[in-house]
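A.B. asks: Have a look; sequence and predicted model below, questions after that.
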Amino acid sequence: MLYGDVISILRGIPLFCRLEPAKLKLLAFSSAYLTCEPGEALFHEGEPADAAFVIRSGEVEVVSGKPGDEVVLGTLGKNDLFGEMALILNEPRSATIRAVGPLEVVKIDADVFLRLVTENPETALAVMRSLSEKIVRLTERYNRLQHRLQDPEPTGEP
């Protein structure tokens, strides 16, 4: 993929659309554009964090647990950021991320991502919004599950 194409892709992602042209060019130069096949993992739970990712097209599923005993925690789609939590916390990956179908992502090296967030207040705010949205979705899923466990559906028997 050409350098100019990566700049255009990044400019189309809400997280980066307000970056100054020079910073956008630096981000494009230091990022990788990846395509993945359905079922391909971008990283696995427990691995060290080395990058954040933004989805250009396609979906990923967020999976926790060991093979054969996995739980799908959710899915992410176009323009969603993932992998940032482990970078910010400086901890291993808390889940496995796997392509649901054909996938295109921008991979941003950890150092570049952290510098981008610390030097650009608008980008930092966008990352905080993304994290907040994830917390809201997770809380909603938890509450629905809690409700189902407390009030199971009637079986139709007296």
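C.D. replies: That came in fine, so what should we check first?

A.B. asks: Extract the residue ranges of this protein that are flagged as low pLDDT.
C.D. replies: Where the chain drops to pLDDT under 70, the residues are 1-3, 153-158.

A.B. asks: Show me the strands in it, by range?
C.D. replies: Listed in chain order, the strands of the chain (DSSP state E) span 31-36, 41-43, 51-57, 60-64, 71-76, 81-82, 96-99, 103-109.

A.B. asks: ok, the shortest one: who's next to it in the sheet?
C.D. replies: With DSSP bridges as the test, strand 81-82 is paired with strand 51-57 (antiparallel).

A.B. asks: do the same with the first one
C.D. replies: Partner strands and pairing direction for strand 31-36 (DSSP bridges) are strand 103-109 (antiparallel).

A.B. asks: okay, which residue is most central for the chain?
C.D. replies: Closest to where the C-alpha atoms of the chain average out (Cα atoms, centre = their mean) is residue 82, at 1.6 Å.

A.B. asks: What's the separation between it and residue 127?
C.D. replies: Distance from residue 82 to residue 127, counting by Cβ to Cβ, to the nearest Å: 11 Å. Every residue, glycine included, has its C-beta placed from N, CA and C.
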